[in-house]
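Peer 1: Predicted structure and sequence below. I'll ask about it afterward.
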Amino acid sequence: MISYQAPGKVILSGEHAVVYGKPALVSAIDKKLTFRLFQDKKIKDESLDFIAQTVKKFLAKKQVKFFDRPYSFEVQSEIPIGRGLGSSAALSVAAVAAFLEFYSGKKFEREMINNLAYEVEKKFHQNPSGVDNTVSCFGGLIFYRKEFEFLKNISLLNFKIPKKIEENLFLIDGGQTKESTREMVERVKEKYNKKQTLIEELLARIEKTTKKMTVSLVKEDANLFSQMIMENEIYLEILGIVSKKTKKLLEKLQSFGVGKITGAGGIKEGSGFILFFSFNKKGLIDFLEKNKIDFFAFKQNFEGVKFLEKNEN
Ligand code: PMV
């Protein structure tokens, strides 16, 4: 048995814009997925088979000796599914890392794992920016920009989200999205094709917000940070990826702080998790508990993908 773990993520600012070559500021979170591979009778799973094939093709191309064999697997995850917290990317990253070692007996660099996980994510989602798998792979805080398909600028920031910001940050469950990430990316693309000037302007503004938010972290400026959360939410609403239900919830939460959706969003029902900066933690927690809305305190992860264990089973 071989097992690897990979964290989920939160896009602090720049979702969707990142698909158009704008930067995104992303943090890995302390919710993890564990993937275990066993040398066993095969379980049929199309997605996992695709990951296994991608890894084998890569090993063959790089002329790394490997031993093809049947497998079965197990996934255990603390990352809520389909809510913008990167559960799919965490699975791709942990599974790629595990298959690489399963077939070749070797451990690989994070860059390699990340490149392969990106190939896998491309199969699962249309035209992904690669930001999700990157932050799950490296952990910490990342300023990410995809220049070209073959060139992605991954800046691992050497500072953390300051304590005075992190201790007021929450992730609030705004409900599962009916749409997939792929559908939401396509929606934005259609809007872009119809109203290019407006969307270009919006994307440029989101870029500014992302940069200012990054500065707010360096300067430990909680006020600027919260303003950028608010600004980002407004732009995402104009982009048309926030549902009525989520807007209503944000309105109700107004007296406790400011929030934005994080990830691809959704419009039919929920828009996934809300990243919320609270000015009144007690009031917020009381409200959420009373209304039975799931939430957890935001906590950064710094490890990224991690080898857990290996044994003869
Ligand atoms: O909802 P998620 O976690 O899949 O985030 C998607 C982020 C997008 O910018 C909308 C798409 C992408 O590929 O970056």
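Peer 2: Alright, I've got the coordinates.
Peer 1: C-alpha only now, for contacts and for neighbours.
Peer 2: OK.
Peer 1: gap between the two ends of stretch 69-80?
Peer 2: Separation of the first and last residues of stretch 69-80 by C-alpha to C-alpha, to the nearest Å is 31 Å.
Peer 1: Also stretch 65-79?
Peer 2: 34 Å.
Peer 1: Sheet partners, orientation included, of the helix or strand bottoming out on mean pLDDT in the chain?
Peer 2: Least confident helix or strand of the chain, by mean pLDDT, DSSP states H and E, is strand 151-156 with a mean of 92. Counting by DSSP bridges, the strands paired with strand 151-156 are strand 141-148 (antiparallel).
Peer 1: The partner strand near the ligand anywhere?
Peer 2: No - using C-alpha under 6 Å from any ligand atom, strand 141-148 never reaches the ligand; the gap is at least 9.6 Å.
Peer 1: can I assume residue 301 is in contact with residue 28?
Peer 2: Yes - counting by C-alpha atoms under 8 Å, residue 28 is a contact partner of residue 301 at 5.1 Å.
Peer 1: Find residues that contact each of the two.
Peer 2: Contact criterion C-alpha atoms under 8 Å, 6 or more residues apart in numbering; residues bridging residue 301 and residue 28 by contacting each: 7, 139-140.
Peer 1: mind putting these in TSV, neighbour count and pLDDT included?
Peer 2: Compiled in TSV, those are given as follows (neighbours: other C-alpha atoms under 10 Å; pLDDT from 0 to 100):
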residue	neighbour count	pLDDT
7	37	98
139	26	97
140	24	97
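Peer 1: and which of the residues you listed is nearest to the ligand?
Peer 2: In terms of C-alpha to the nearest ligand atom, no member of the shared contacts of residue 301 and residue 28 lies closer to the ligand than residue 7, at 12.2 Å.
Peer 1: For that closest one, give the beta-bridge partners.
Peer 2: According to DSSP bridges, the partner residues bridging residue 7 are residue 32.
Peer 1: That one contacts residue 76, doesn't it?
Peer 2: No - counting by C-alpha under 8 Å, residue 7 sits too far from residue 76 to count as a contact (11.8 Å).
Peer 1: Tell me the residues that contact both of the two, please.
Peer 2: With contacts defined as C-alpha under 8 Å, 6+ apart, the residues shared by residue 7 and residue 76 are residue 33.
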